[in-house]
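# Give me a model of this one.
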Amino acid sequence: MEDLTMKKCVPCESDIPPMTQDVIEDYQEEVPEWEVVEVDGVPHLKKTFKFKNFAQALAFTNTIGEIAEEQGHHPVIELTWGRVTVEWWTHNIDGLHENDFIMAARTSQAFEE
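A predicted model of the protein is given here:
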């Protein structure tokens, strides 16, 4: 599979089916640090990032917000002192799409930088 951080998100139409479990497992190999969790029966990619203080966590939150806005794909972001939890999934298909894995990879890359 090609480097997900280099792929561009594509518009996701509501008639595209969500990924099957087998496809999710294949893509998860590209972002093994992310867990797949079910929220109200819908799979999400979720990861918590830890920071030394609130200012660093806030700066990371803003970075993820900028990336999300640029790509037109937006996560749930929970910010608290020294911690940011990010969840990606595609709302209009109630499931996971390649875009979610692309954005998870970019989120991890932003944390490493």
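# which helix is the longest one in the protein?
Ranked by number of residues, the top helix in the chain under DSSP state H is helix 54-71.
# quick one: buried residues of that one?
For helix 54-71, burial by neighbour count (16 or more other CB atoms under 10 Å) applies to 57, 60-61, 63-64, 67-68. From N, CA and C alone the C-beta is placed, and that goes for glycine too.
# tell me which strands and helices the next helix or strand after it is in contact with?
Using DSSP states H and E, the next helix or strand after helix 54-71 towards the C-terminus is strand 76-80. With contacts taken as 3 or more CB pairs under 8 Å, 6 or more residues apart in numbering; DSSP states H and E, strand 76-80 sits against helix 54-71, strand 83-88.
# What mean pLDDT does strand 76-80 get?
The pLDDT scores in strand 76-80 average 97.
# Using CSV, list the CA coordinates for that strand.
Written as CSV, here are the backbone C-alpha positions of strand 76-80 (Å, rounded to 0.1, in the frame of the first residue of the first chain):
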residue,chain,number,x,y,z
VAL,A,76,-14.0,14.6,16.8
ILE,A,77,-11.2,16.2,18.8
GLU,A,78,-11.2,16.0,22.6
LEU,A,79,-8.8,18.4,24.3
THR,A,80,-7.8,18.3,27.9
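# can you give me the angle it makes with helix 54-71?
Here strand 76-80 points in a direction 170 degrees away from that of helix 54-71 (axes from the mean of the first three to the mean of the last three CA atoms, to 10 degrees).
# ok, strand 76-80: who's next to it in the sheet?
Here strand 76-80 is paired, per DSSP bridges, with strand 83-88 (antiparallel).
# how far does the strand it pairs with sit from the chain's center?
8 Å (CA atoms, centre = their mean, to the nearest Å).
# So what touches that strand?
By CB atoms under 8 Å, 6 or more residues apart in numbering, the residues outside strand 83-88 that reach it are 37, 39, 44-51, 57, 60-61, 64, 73, 75-78, 96, 99-101, 103-104, 107.
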